[in-house]
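**Q** Predicted model and sequence follow; I will ask about them next.
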Amino acid sequence: MHTTIIITFGLILLALMLYIGEKIGFSRQILAYSFIVLWLALTLINGAVGIVHAGQPLGTELVVGSAVFGIPVAALVLFMVLIRET
């Protein structure tokens, strides 16, 4: 359940960054790179908390962390590809 919540948070963060960032005047490329860096940092922090406080093994956190990081980034890539075509 925690993984689903974190992935949902990542998708919401992505949508907010793209929406608010474009309203402010940032380019989509800057927003995309900023999201990737921010989301990677947050994913690493989430994994570290899982290892230190929840006692999860490193292997499990690497697999779950890959999904947590990968799904919102895949959504970003899909968005960028679909926007570029229109």
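**A** Structure received.

**Q** From the chain's centroid, how far away is the helix or strand harbouring Ala67?
**A** Using DSSP states H and E, the element containing Ala67 is helix 58-85. Computed by CA atoms, centre = their mean, to the nearest Å, the separation of helix 58-85 from the middle of its chain amounts to 7 Å.

**Q** buried residues in it?
**A** Glu61, Val64, Gly65, Val68, Phe69, Ile71, Pro72, Val73, Leu76 (16 or more other CB atoms under 10 Å). C-beta: built from backbone N, CA, C; applies to glycine.

**Q** which residues of this structure score low on pLDDT?
**A** The chain contains residues with pLDDT under 70 at 86.

**Q** re earlier: counting by contacts, list what the helix holding Ala67 packs against.
**A** Applying 3 or more CB pairs under 8 Å, 6 or more residues apart in numbering; DSSP states H and E, we find helix 58-85 packed against helix 2-24, helix 28-52.
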